[in-house]
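Student: The amino acid sequence is not available; the structure is as follows:
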Ligand code: GDP
């Protein structure tokens, strides 16, 4: 089955977003190795695709060696999964583009991994501010990218963006 992975800096709202996306009858969770605490969790959605929860990155608490180890685990998954169709990179809509995210996108680009950005926590700012931040983010990306990746928006607090993200994935699945 096709896989769609979700990743972002710690505290970006990834768990909340995944809860929002999976929290519905008919969506079952599965883990590859039951009984073990997994760094990478798979949720099967409608028996059609896997939502893959990748560890949050760049968290100071992991320490330098911990971060390196996590980075390897994440990179191995991304490079080795043939089923991986698209990676969703979550960024907090309030912040300007973060170096660690930009570097990660560069790495994705170098390795030919398709990705889509999700602006999270949009309930925390006004609609006008969101548009300004989106514009600024795109301008920053255009400094290094010729073509912009798609950008979706979500608020787990208000349960917004759920249908858009699920439909987006469904459309890609249809084209596979
Ligand atoms: P993770 O570390 O990326 O998994 O982030 P979490 O999902 O645990 O969220 C981190 C913090 O942000 C928690 O306090 C959440 O309640 C809060 N949060 C997450 N998503 C939203 C959102 O859409 N809106 C608001 N206002 N807060 C959010």
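Tutor: Perfect, thanks for sending it. What you are looking at is a predicted structure, and each value in this text was computed from that prediction instead of being measured.
Student: CA atoms for contacts and neighbours, from now on please.
Tutor: OK.
Student: quick one: what helix or strand has residue 145 in it?
Tutor: Assigned by DSSP states H and E, residue 145 falls within no helix or strand.
Student: The ligand versus that one, what's the distance?
Tutor: Using C-alpha to the nearest ligand atom, to the nearest Å, one gets 25 Å for the distance from residue 145 to the ligand.
Student: ditto for residue 151
Tutor: According to C-alpha to the nearest ligand atom, residue 151 stands 16 Å off from the ligand.
Student: Residue 171: how many residues sit nearby?
Tutor: Other residues lying near residue 171 total 11 when counted by other C-alpha atoms under 10 Å.
Student: Which element, helix or strand, includes it?
Tutor: Going by DSSP H and E, residue 171 is part of helix 162-175.
Student: And that helix, what's buried?
Tutor: Buried residues in helix 162-175, counted by 16 or more other C-alpha atoms under 10 Å: 162, 165, 169.
Student: Please give the centre-to-centre distance between stretch 39-53 and its chain.
Tutor: Mean-position distance between stretch 39-53 and its chain equals 13 Å (C-alpha atoms, centre = their mean, to the nearest Å).
Student: In the helix or strand hosting residue 76, which residues are buried?
Tutor: Using DSSP H and E, the element containing residue 76 is helix 63-80. Neighbour-count burial for helix 63-80, with 16+ other C-alpha under 10 Å as criterion, is recorded at 67, 70-71, 74, 78.
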